[in-house]
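[1] Coordinates only, no sequence provided:
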C-alpha cells in the first residue's frame, strides 16, 4: 500500500472515530439532564427547628434522590402567599408546592385532620404502616387530588403531642369542665363537648394568655417544639395520654400539572425521598422529645403527668361519637374510619408485639442497675 493510500485510510479512520465519539456524546446517556426548579412555601418559619428542619431535610433528600434534577426553593409562611393558603395556592398553580400540616386543610376537608393528631387516631408506627401498607396514602392522595388539584406526600411524622399544657392540676372530669383553654381542630370540638371553655388563639398567643390568666391550659404540638417556643416556661403541668398516642404529620402538596410534567423515574424518586425523610424524622423527633422531657423537669420544674384514665375514657367516647356523626355526612371521613377498621382486622394481631419493639419497661437503663449487680459479687 503506497503512502497516499495509507494516509487516506488513516484520515478516514480518524474521522470515523471522531464521528463515533460525537454520536455517542449526543445520545441521551450523555445529554444534559433537565432540571426542575420549584418554588413553594411552608406554613411556618425557619425558627422552629422541629418543623423547618424536617422541611429542609425533605428538600435535600429530593435533590439527592433525583441526582439534582429537582430543586426546591423554600419560602416561609407569608412570604409568597397567606399562611394556611399553601395547599389551595399550589393547586391553583400560584406556587409549585405547598407545605403544611393535614389539619390546615380542615375547612375544605374534614377528613384531612384524621391524618394529624386527632383523638382516637392511630399511633405513629401504626400510621406509617397504614399509610404504606394499609391503603392510607391512597385515600389521602385521592382527597388532595379532588379538593386541591395536588399530589400530596407525607414527609415528616411528629411524636405525640403534649395532651395538655396546664396551670391547674387535673384529677377528674370536673377539673376539665369550665377550664379555660386554647385548642384547635378536632380536639377543640371534643374539649368543648366535655365542658371546656374554648378560647380562640393563635399558637403564638398562648404564652402571654397563660401569663395573664386568660387561659388555664392549651394544646400545641409535641414537647420538643414546645421547648423551642417557650411553652415549658408557661405551664406547671404537662399532661400526656396514658392510652393510644396520636401523631401529626407534615405534608408537601405539588401542583398536579407540575407533578404530571415529571417523568416516571423522577416521580418515583420524589416519592421515595418523602418516604425516607418521614422515617428519618420519626427517630429525630423522638430523640428531641426525650431531651425536652429532661429539660422540662430539671430546668423549668414542670410536672410530667399522665392524664387520668377516667378523663381519657370520656374524651375518647366523645371523640368517637363525633367521628361517627361526621361520617354520616362526609364520605371521606367514613372512608378513613372504614380503612382504619380494615387495617385493625388485618394487622391487629401484631399490636402487642409492636409495643415491645421499643419498650422501656417504665425506666431507663439496664434491667438491673450496675450498682445492684455489684452487690451480688461474692
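    Now that the structure is in, tell me what you want to look at. None of the values given here were measured: they were computed from a predicted structure.

[2] any chance you could map the strands in this protein?
    Assigned strands in the chain, in chain order: 36-42, 70-75, 97-100, 150-157, 164-166, 180-182, 197-198, 217-218, 237-240, 249-255, 303-306 (criterion: DSSP state E).

[3] can I get those strands in a markdown table with distance to residue 207 and mean pLDDT?
    C-beta coordinates here come from the backbone N, C-alpha and C atoms, glycine included. Below are the strands of the chain laid out as a markdown table (distance: least, Cβ to Cβ, whole Å; pLDDT from 0 to 100):
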| stretch | distance to residue 207 | mean pLDDT |
| --- | --- | --- |
| strand 36-42 | 22 | 98 |
| strand 70-75 | 26 | 98 |
| strand 97-100 | 23 | 98 |
| strand 150-157 | 24 | 98 |
| strand 164-166 | 10 | 92 |
| strand 180-182 | 11 | 87 |
| strand 197-198 | 18 | 79 |
| strand 217-218 | 9 | 88 |
| strand 237-240 | 15 | 94 |
| strand 249-255 | 23 | 97 |
| strand 303-306 | 18 | 95 |
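
[4] can you tell which of the ones you listed is closest to residue 282?
    Evaluated with Cβ to Cβ, those place strand 150-157 nearest to residue 282, the distance being 5.3 Å.

[5] what does that closest one rub up against?
    54-55, 58, 87, 90-91, 98, 115, 124, 127-128, 131, 137, 140-141, 144-145, 247-256, 259, 270-271, 274-275, 277-278, 281-282, 285 (Cβ atoms under 8 Å, 6 or more residues apart in numbering).

[6] what are the pairing partners of it, and which direction each?
    Within its sheet, strand 150-157 is paired with strand 249-255 (antiparallel), according to DSSP bridges.

[7] follow-up on the earlier one: tabulate the strands of the chain in JSON lines, adding columns for mean neighbour count.
    Listed next are the strands of the chain as JSON lines, based on neighbours: other Cβ atoms under 10 Å:
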{"stretch": "strand 36-42", "mean neighbour count": "19"}
{"stretch": "strand 70-75", "mean neighbour count": "17"}
{"stretch": "strand 97-100", "mean neighbour count": "27"}
{"stretch": "strand 150-157", "mean neighbour count": "26"}
{"stretch": "strand 164-166", "mean neighbour count": "27"}
{"stretch": "strand 180-182", "mean neighbour count": "23"}
{"stretch": "strand 197-198", "mean neighbour count": "16"}
{"stretch": "strand 217-218", "mean neighbour count": "26"}
{"stretch": "strand 237-240", "mean neighbour count": "20"}
{"stretch": "strand 249-255", "mean neighbour count": "26"}
{"stretch": "strand 303-306", "mean neighbour count": "14"}
